[in-house]
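sequence plus the predicted model coming up.
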Amino acid sequence: MKLPIYMDYQATTPCDPRVVEAMLPYFTESFGNAASRNHRYGWEAEEAVEKARGQIAELIGANPKEIVFTSGSTESINLALKGVAEMYAEKGKHIITCSAEHKAVLDVAKHLEQQGFEVTYLQPDKSGRVSVEAVAAALRPDTILVALMWANNEVGTLNPIREIGALCHEKGVLFFTDATQAAGKVPVDVEADHVDLLCLSGHKIYGPKGVGILYVRRRNPRVRLVAQMDGGGHERGMRSGTLNVPSIVGLGKACELARQELPSEAARTAALRDHLEKRIFAELDFVHLNGNREHRLPNNLNVSFAYVEGESLIMGISDVAVSSGSACTSASLEPSHVLRAMDVGEDLAHSSIRFGIGRFTTQEEVDFAASSVIGAVKRLRELSPLYEMALEGIDPKTVNWQAPH
Ligand SMILES: *Cc1c(COP(=O)(O)O)cnc(C)c1O
């Protein structure tokens, strides 16, 4: 077992060796520019790109012509939100999103507010989920776009995408979804789910970093975008720049593998996640699940451990690579904006840990991680007067336990 154990699959994933193998010829042998029309080098590169486009389209139920290559989800989100806002500004200037979205969405929304657009930030429920009723209530005659993520990257909660998509289509409002965490983990079908724009990223699905796509619907309705990058007119004018052929080949392979292995991997990772969850909840008291037990990713577990401090906990489990809901490495002690949006209390947000289970996670690793975290929490609580008080039935919420750092 290699230490530290990697359990941060929502932050990034390693490349699958089959992906690397598929990419290699495109660095040195078939290195052509996919836009070169006059010779074999260009044709080979173009053929590889078109094959990848098909593999990606198949994973999400799209037509290959609807796939636009980008440098990743952050760029795709920028293109989708700014591109739609600029294109449809005459129709309306109102956009709906949620306060638990990824920063890539929230920061673009903030930027658009500065440009004169009005953004409604829906509050998710305590499990991190947005209801279709909340979207319906926020829609206005001047709403041009609804932007809601498929799966939350911190707590794994799934939004009711199909219902929201159907509502948007009924009302004639475009629907963008950030499927960076969902693609390859849960079934995605842009037709059945009524999605108009969707992003996914290579490095979250065992492909390379720095490559992703934006799906842009071509029919019913045909979505138009203002390009955010000028020059060359690649990707049907929506994203100029010479295509990153090896990475695109890798992304295509990653999507093909994700599609083929989705049912078995979803079941396998969910079983490992459930095992981890069961052990933590069986062997510790005062533990809180952050997320939605019913509607969630198969490979994510986010829990808060009351009466322990997040930083000490992370240090106490240094053989397990995980993320915490507290920005413990930065100077500020801001808890995660997602947990805040879910109204998880400040103290619980600071002591939260996100476990990400992935394609290369083993049962042995999960048991090691479970024992590590359970041991660390028990050790830290032995030193905690607040835990003592809680055991005696005194409400430690009345005590400011974070003060003495
Ligand atoms: C990782 C992630 C992003 C950003 O993707 P990049 O390809 O790294 O830019 C956006 N949204 C979600 C939900 C993510 O998990």
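Yep, it's here.

and M238, how many neighbours does it have?
Other residues within reach of M238 by the criterion other CB atoms under 10 Å amount to 21. For every residue, glycine as well, the C-beta is placed using N, CA and C.

please renumber so the chain begins at 14
Taking 14 as the first residue, the last one we looked at is M251.

for it, give me its contacts.
81, 92, 96, 227, 229, 238, 240 (CB atoms under 8 Å, 6 or more residues apart in numbering).

from A117, how far out is the residue of the stretch 214-363 of the chain found nearest the ligand?
Per CB to the nearest ligand atom, S214 is where the stretch 214-363 of the chain lies closest to the ligand, at 3.2 Å. From S214 across to A117, the span is 10 Å (CB to CB, to the nearest Å).

in terms of neighbours, single out the busier of the two.
S214 (29 against 21).

ok, the residue of the stretch 214-363 of the chain closest to the ligand - contacts?
85-86, 89, 193, 224-225 are the contacts of S214 under CB under 8 Å, 6+ apart.

same thing with Y400?
Here Y400 is in contact with 299, 319-321, 394, 409 (CB under 8 Å, 6+ apart).

rewinding a little: who is the residue of the stretch 214-363 of the chain closest to the ligand paired with across the strands?
S214 has the following beta-bridge partners by DSSP bridges: G225.

so how far is I69 from it?
Counting by CB to CB - S214 and I69 are separated by 11 Å.

same question for R292.
37 Å.

and the two? Which one has more around it.
For the pair R292 and I69, the greater number of neighbours falls to I69 (29 against 17), based on other CB under 10 Å.

and the more buried one, its phi and psi?
phi -70, psi -50 (degrees, to the nearest 10).

give me the distance between it and G169.
23 Å.

do R249 as well
R249 sits 34 Å away from G169, going by CB to CB.

which one of these two is surrounded by more residues?
Under the criterion of other CB under 10 Å, the comparison of R249 against G169 puts G169 first, with 27 against 13.

what's the closest non-adjacent residue to the residue of the stretch 64-213 of the chain found nearest the ligand?
At 2.7 Å from the ligand, G85 is the closest residue in the stretch 64-213 of the chain, using CB to the nearest ligand atom. Closest residue in space to G85, ignoring its immediate chain neighbours: G225 at 4.0 Å, by CB to CB, 6 or more residues apart in numbering.

what residues does the stretch 114-263 of the chain have near the ligand?
115, 117, 162, 166, 191, 193-194, 214, 217, 225 (CB under 6 Å from any ligand atom).

between these, which is closest to P398?
The nearest member of these to P398, counting by CB to CB, is N166 at 34.9 Å.

could you pull out the helices for this protein?
Ranges of helices in the chain, per DSSP state H, are 30-36, 38-41, 53-73, 86-101, 116-127, 145-151, 174-184, 258-296, 323-329, 350-354, 359-363, 376-395, 398-404.

now render the contacts of M251 as CSV, adding pLDDT and neighbour count.
Shown next, in CSV, are the contacts of M251 (pLDDT from 0 to 100; neighbours: other CB atoms under 10 Å):
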residue, pLDDT, neighbour count
V81, 98, 26
L92, 98, 25
G96, 98, 24
L227, 98, 26
V229, 98, 27
L238, 97, 23
A240, 97, 20
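
show the pLDDT at the residue of the stretch 214-363 of the chain closest to the ligand.
Turning to S214, the model gives it a pLDDT of 98.

residues touching K410, list them.
By CB under 8 Å, 6+ apart, the contact list for K410 reads 358, 360.

how far away is it from Y320?
K410 is 11 Å from Y320, by CB to CB.

now do V300
From V300 to Y320 the distance is 10 Å (CB to CB).

higher neighbour count, those two?
Y320 (22 against 19).

and that one, what pLDDT?
95.

which residues sit in contact with it?
For Y320, the contacting residues are 299, 364, 393-394, 397, 399-400, 403, 409, 414, by CB under 8 Å, 6+ apart.
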